[in-house]
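> Here is a sequence together with a model predicted from it:
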Amino acid sequence: MANQFKHRWRSDLLIVLGLLYLLFIVFTAFLNWMLALSGLVILALSVTWFVFNETQFDKELAEYIAGLSYSLNKAGGEALLQMPIGIVLYNEAERIEWCNPYFNQLAGGTETKIGLLLNEISTEFEKLILSDKESMIIAINERQYRVRLRRSERLLYFTDITDVLQIKKNYYNEQPVLALIFLDNYDEVTQGLEDQVRSTINNETTSIIKAWASRHGIYLRRTASDRFLAVMNEKLLAAVEEEHFSILDKVREITVPLSHIPLTLSIGVGAGTETLEDLGTYAQSALDLGLGRGGDQAVIKWSDGAVKFFGGKSNPIEKRTRVRARVISHALTELMLESDQVMIMGHKAPDLDAVGSCIGILKIAHANGRSAKIILDREHDVTGVARLVTELQKNRNLWANFISAEEAREKVTKRTLVVVADTHRPSMVVDPDLLDSVHRIVVIDHHRRAEEFIKDPVLVYMEPYASSTCELVTELLEYQPNERPLDVIEATAMLGGIAVDTKNFTLRTGFRTFDAASYLRAHGADTILVQKFLCDDLDQFNQRADLIRRAQVYHSNIAIVSGEGGKTYDQVLLAQTADTLLMLEGIRTSFVIGLRDDGQVGVSARSLGEINVQIVMESLGGGGHLNNAATQMKGVTVETAVNRVKQAIDQYFEGGLS
């Protein structure tokens, strides 16, 4: 191209010079015609040479272009047919019109694939064509191909990326993983045992954990009598996940003599990053999350924030000592003394446990000379709470401490302490916006810890073994140095909170539950008034009976109730129906499903302990306790919700949920 341009520039210059020379000859002819004639001859010879040279150049250029075009066409054809990239042209019916030999090879066999439907090669092609994606990874004959689509030309390009994916897989498989292993109740169950028995239990536990680690190729190091550090990679972690952390069940089989209490294990795993410091942080956070959910489970926390749970099939073991309660009580006192006021709130649509525990925290604040207010959800028409509020309104001094969320936001300052009771999920508190406007938050709860958690609390007191939050707050009251006597209505409200969460002391009770109830009874708690809070009206009783008539037995001992289509039910009614079903002979677990007033489908689940309904409900977006859980579903019908519940139950029995 450069030579062609140079030649063209030179030709133009010669033409210009020739024209100037011709003008010179014309001018010379007036002076000397002989000299002009000689110049004309020279000009004619020059023009002849120039024309011949131009003709020769154009001929050579044409031959060069023809040769180059032939080479390009030949190379393009060979590349199209021989290059290791599959090319397919298909028609409107998604039938192959043309393909190169490489595609025939990758599709299997040497015969041509022209005329076949794309779906005969792989059903994934239809997904790619119908989607708005430009490419997709499709497996053909055990090889992975990146398939790129040009819709306007109906062209498919296939690039073999099997080796690349294998290298990528190997890279991720070798990523380091740290795990912290903790014996939840080692000190509790071995307390008071002889040294020989303690040593036997210790050796047996260590042997089981070491055998498990050795079988999977995991490096294990004991860091304390009840703690281990495990180092593995993501490939080994996947193998451990596949067997659902069977080490949890093996350790649980170790039963301590005399006490007959099984040992339980909690494992916190950090994964998804190469930084060892971050892995350690994720592992510790995962372990804290597992312990906050009651222990006896494994929790994997990835660098992208994803969390996965395994285990959690046993009830949390009640701690025999109250040391932590005393420490938390004193820490709460210090935080209150450092604050100018205390704002207390429970969860939305509060129950007796939420309101009763808030009243107990209010009493602690007043005992320390601090102004405190309880933020009460206006939607407090839940059975029992509405009656409690009526009684509270009769006590003007106590009722003056209840305010709305709007009033609380007007009063809050930088030194305000917010105490959240009976929940730890920010989306469930009465006023989630209030959490963003303060820097000092205390969480007191008895539920198993969920993935969603209030951000950066200064103090957390979560004990899943406890029957209720009222039980925890009662113990905190007992350790207050400036204890003030409870009014009858205050003690009754807290006793009602314990009664409602234990179904009148029949479920989830321990000796500390009865100790707390005894303390409240000694301060004037009225058991008759508690029963008044919990009693049913005739209409509610009839609605519950109608739901029970619709019960169906699933898996021989599971009762599933679905409400009538189009009819709405109160969430409390669903929960009470689930409780009542457990009183029927042969029913060990119950699920009650019905349409709520807000358009969501509510599910209440109860169990006598054989099935962990919390795991089942967590798989459906809810949560709760081992034998008391619930969830809500948006945009589905009751029938769809019933099918989802049944699928979750089936997965639980098949080991797919953990």
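Looks like it came in fine.
> all contacts plus neighbour counts: C-alpha atoms, from now on.
Fine.
> quick one: the residue nearest to the spatial centre of the chain from E153, how far?
Central residue of the chain (CA atoms, centre = their mean): A306, 4.8 Å from the mean position. Distance from A306 to E153, counting by CA to CA, to the nearest Å: 41 Å.
> swap in H244?
Separation of H244 from E153 (CA to CA): 49 Å.
> next one: N557
Counting by CA to CA - N557 and E153 are separated by 60 Å.
> And those two? Which one has more around it.
Each of N557 and E153 has its neighbours counted (other CA atoms under 10 Å); N557 has more, 15 against 10.
> residues in contact with the more buried one?
By CA atoms under 8 Å, 6 or more residues apart in numbering, the contact list for N557 reads G586, I587, R588, T589.
> Now the two most distant members of these.
Maximum pairwise distance in the contacts of N557, criterion CA to CA, is 9.3 Å, between G586 and T589.
> who has more neighbours, those two?
The residue with more neighbours, out of G586 and T589, is T589; 26 against 13, by other CA under 10 Å.
> mind checking the backbone torsions on the more buried one?
Per-residue torsions, T589: phi -150, psi 150 (degrees, to the nearest 10).
> How about C535?
The phi and psi values for C535, taken as degrees, to the nearest 10, are phi -70, psi 150.
> my read: L459 touches H424, true?
No - contact criterion CA atoms under 8 Å: L459 and H424 do not qualify, at 11.8 Å.
> Now the common contact residues for the two.
V443.
> These two - which one has more neighbours?
H424 (28 against 16).
> Tell me if I am right that the more buried one is in a helix.
No - read with DSSP: H, G, I helix; E, B strand; the rest coil, H424 is coil and lies in no helix.
> And it, how far from A354?
12 Å.
> got it, and S46?
From S46 to A354 the distance is 111 Å (CA to CA).
> again, but for A367
Distance, A367 to A354, by CA to CA: 20 Å.
> Name the residue in those two with the higher neighbour count.
Taking neighbours as other CA under 10 Å, A367 and A354 compare with A354 leading, 27 against 18.
> SS state for the more buried one?
helix.
> before we move on, what about the one 5 residues further on?
Taken by three-state DSSP, the conformation at I359 corresponds to helix.
> which residues sit in contact with it?
Contacts for I359 (CA under 8 Å, 6+ apart) come out as I374, E490, A493, M494.
> Count the neighbours of A230 for me.
18.
> and it, what helix or strand is that in?
Taking DSSP states H and E as the definition, A230 sits inside strand 227-233.
> what bits of the stretch 351-500 of the chain have low per-residue confidence?
Along the stretch 351-500 of the chain, segments meeting pLDDT under 70 span 379-383.
> do the stretch 551-658 of the chain as well
Residues of the stretch 551-658 of the chain that meet the criterion pLDDT under 70 lie in 656-658.
> Show me the helices in it, by range?
With DSSP state H, counting those that start in this stretch as the criterion, the stretch 551-658 of the chain has helices at 571-581, 613-618, 638-654.
> Please enumerate the strands of the stretch 301-450 of the chain.
307-311, 341-345, 371-375, 402-403, 416-421, 441-445 (DSSP state E, counting those that start in this stretch).
> partners of the third one, with directions?
Its sheet considered, strand 371-375 pairs with strand 341-345 (parallel), strand 402-403 (parallel) by DSSP bridges.
> To T190, which of those strands lies closest?
strand 341-345 (38.3 Å).
> Can you give the contact residues for that closest one?
Contacts of strand 341-345 with the rest of the structure, by CA under 8 Å, 6+ apart, involve 336, 358, 361-362, 365, 370-376, 408, 415-421, 429-430.
> what pLDDT, on average, does it get?
For strand 341-345, mean pLDDT is 95.
> just how off-centre is that strand within its chain?
Distance of strand 341-345 from its chain centroid, counting by CA atoms, centre = their mean, to the nearest Å, is 30 Å.
> Check stretch 171-181 too.
Remark: stretch 171-181 is offset 20 Å from the chain centroid, using CA atoms, centre = their mean.
> do the same with stretch 210-227
Offset of stretch 210-227 from its chain centre (CA atoms, centre = their mean): 28 Å.
> what does stretch 179-192 give?
Distance of stretch 179-192 from its chain centroid, counting by CA atoms, centre = their mean, is 29 Å.
> Likewise for stretch 296-311?
9 Å.
> same question, stretch 491-504
33 Å.
> picking up where we left off before, buried residues, the helix or strand following the strand holding A230. List them.
Sequence order places helix 234-242 as the next helix or strand after strand 227-233, per DSSP H and E. Going by neighbour count (16 or more other CA atoms under 10 Å), the buried part of helix 234-242 is E234, K235, L236, L237, V240, E241.
> Mind putting those residues into CSV with distance to V177?
Formatted as CSV, the buried residues of helix 234-242 follow (distance: CA to CA, whole Å):
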residue, distance to V177
E234, 6
K235, 10
L236, 9
L237, 8
V240, 12
E241, 13
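> Spell out, range by range, the strands that occur in the stretch 101-250 of the chain.
So, for the stretch 101-250 of the chain - with DSSP E, counting those that start in this stretch - the strands run 135-140, 143-150, 155-160, 176-183, 219-224, 227-233.
> Point out the most buried one among the ones you listed.
strand 176-183 (a mean of 24; mean count of other CA atoms under 10 Å).
> Contacts for it next, please.
The contact list for strand 176-183, computed with CA under 8 Å, 6+ apart, reads 226-234, 237, 263-274, 276, 279-280, 283-284, 287.
> How about the secondary structure of I87?
strand.
> Could you chop this structure up by domain?
For the chain, the structural domains run 2-81, 86-165, 182-311, 323-534, 539-654, going by automatic domain parsing.
> Relative to the whole chain's centre, how far out is the longest one?
Once both centres are worked out by CA atoms, centre = their mean, domain 323-534 turns out to sit 29 Å from its chain's centre.
> Next one, pLDDT for I137 please.
91.
> possible to save the domains of the chain as CSV with distance to Y171?
Listed next are the domains of the chain as CSV, based on distance: least, CA to CA, whole Å:
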stretch, distance to Y171
domain 2-81, 33
domain 86-165, 10
domain 182-311, 10
domain 323-534, 29
domain 539-654, 31
